[in-house]
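**Q** this is a predicted model, with the sequence first.
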Amino acid sequence: MSFSISYHSRQFQFETAAELFSPQNLDRGTEAMLSTVTFAPGERVLDLGCGWGVVGILAASIVGPENVVMTDIDPRAVQVARQNAERNQLAGVTILQSDGLQDHRETDFDWILSNPPYHEDFSVAKQFIMKGFNRLKIGGRMVMVTRRRLWYQKKLTSIFGGTEVHEINGYFVFHSEKRRETYAKRKKRNR
C-alpha cells in the first residue's frame, strides 16, 4: 500500500505492509502527536517503535537525517522504514532493530517520540518511559500518544516530575521534559 503525506510544504511518499500498524495511512494518534511538536535543525530525535517510519522520516526532513535514530522490535517494520527513508532521500537516518531501548546505546536526544502499543498491557510503555528518561539530554522531551490518560499521566509524572497533556480528537499527547532537578533526584535515589 502506498500513499503520500504533506508535511511542512513537502510531499513524502510511503509504502507500508499489511502486517504493520496503520498500513493504509497515517493514524490519527500519530497525526495528533506530530501536531504538538516543533523540530529545529540539528536536534537529535529518537522514533521509538517506528513502524513504517513516518515520525522519524518527517523529523529527519527538518533536523537532518544524521540526527535521527529509529527503532522497532519488528524486523519487517525496520525493513519498510529503511525503504521509506531511501524513497524520501533521507537514507542517512539510523534505523535499528531493537526491543525498545535495550539493543542500542544512543543517548542525548532532544526528542523521544512514541505511539506505544497501548491496547496491550503497560509493560512496553513502562520500559519506554523509564529507560527513555536516561536517554534524553537535560531539557529533552519525551512525547507519547495514547487513548488512555490516567496510567500514562501518573507514570510520566512519577518519572519526569510532571507532564503536559494535550487532548486532540480522542487522543492524549503527553509531553514530559527531563529537568536538571528531576535528574539529580533520580540519580541520588539510585545510589
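**A** Good, I have the coordinates. Numbers count the residues shown, from 1 in each chain.

**Q** for the lengthiest strand in the chain, packing partners?
**A** Looking only at the chain and at elements set by DSSP state E, the strand with the highest residue count is strand 136-146. Contact here means 3 or more CB pairs under 8 Å, 6 or more residues apart in numbering; DSSP states H and E; on that basis strand 136-146 packs against helix 28-35, strand 109-114, helix 123-135, helix 150-160, strand 171-177. Every residue, glycine included, has its C-beta placed from N, CA and C.

**Q** Serialize the ones you listed to TSV and add fields for mean neighbour count, distance to Asp74 and mean pLDDT.
**A** Below are the helices and strands packed on strand 136-146 laid out as TSV (neighbours: other CB atoms under 10 Å; distance: least, CB to CB, whole Å; pLDDT from 0 to 100):
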stretch	mean neighbour count	distance to Asp74	mean pLDDT
helix 28-35	19	16	96
strand 109-114	24	14	98
helix 123-135	18	12	93
helix 150-160	17	22	96
strand 171-177	22	22	98
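
**Q** tell me, what residue is most central in this structure?
**A** Closest residue to the average C-alpha location of the chain: Leu113 at 2.1 Å, with CA atoms, centre = their mean.

**Q** quick check: that one vs Val54, distance?
**A** For Leu113, the distance to Val54 (CB to CB, to the nearest Å) stands at 10 Å.

**Q** what of Val80?
**A** Summarising the geometry, the distance separating Val80 from Val54, computed by CB to CB, is 11 Å.

**Q** does Asn115 touch Met33 like I think?
**A** Yes. Counting by CB atoms under 8 Å, Met33 is a contact partner of Asn115 at 6.4 Å.

**Q** what do the two both touch?
**A** In the contact map built from CB atoms under 8 Å, 6 or more residues apart in numbering, the residues linked to both Asn115 and Met33 are 55, 144-145.

**Q** so where's this structure shaky on pLDDT?
**A** Applying pLDDT under 70 to the chain picks out residues 23, 118-120, 182-191.

**Q** quick one: distance of stretch 33-45 to the chain centre.
**A** On the basis of CA atoms, centre = their mean, to the nearest Å, stretch 33-45 is displaced by 10 Å from the centre of the chain it belongs to.

**Q** again, but for stretch 37-46
**A** Distance of stretch 37-46 from the chain centroid (CA atoms, centre = their mean) equals 11 Å.

**Q** stretch 7-23 now?
**A** Taking the mean C-alpha point of stretch 7-23 and that of its whole chain, the gap between them comes to 15 Å (CA atoms, centre = their mean).

**Q** so what's Gln153 up against?
**A** 163, 165, 172, 174.

**Q** now the two most distant members of those.
**A** Of all pairs drawn from the contacts of Gln153, the widest gap by CB to CB lies between Thr163 and Phe172 and measures 9.9 Å.

**Q** Arg44: which of the helices and strands packed on strand 136-146 is closest?
**A** Ranking the helices and strands packed on strand 136-146 by their distance to Arg44 (criterion: CB to CB) puts strand 109-114 first, at 4.8 Å.

**Q** fine, thanks again, bye for now.
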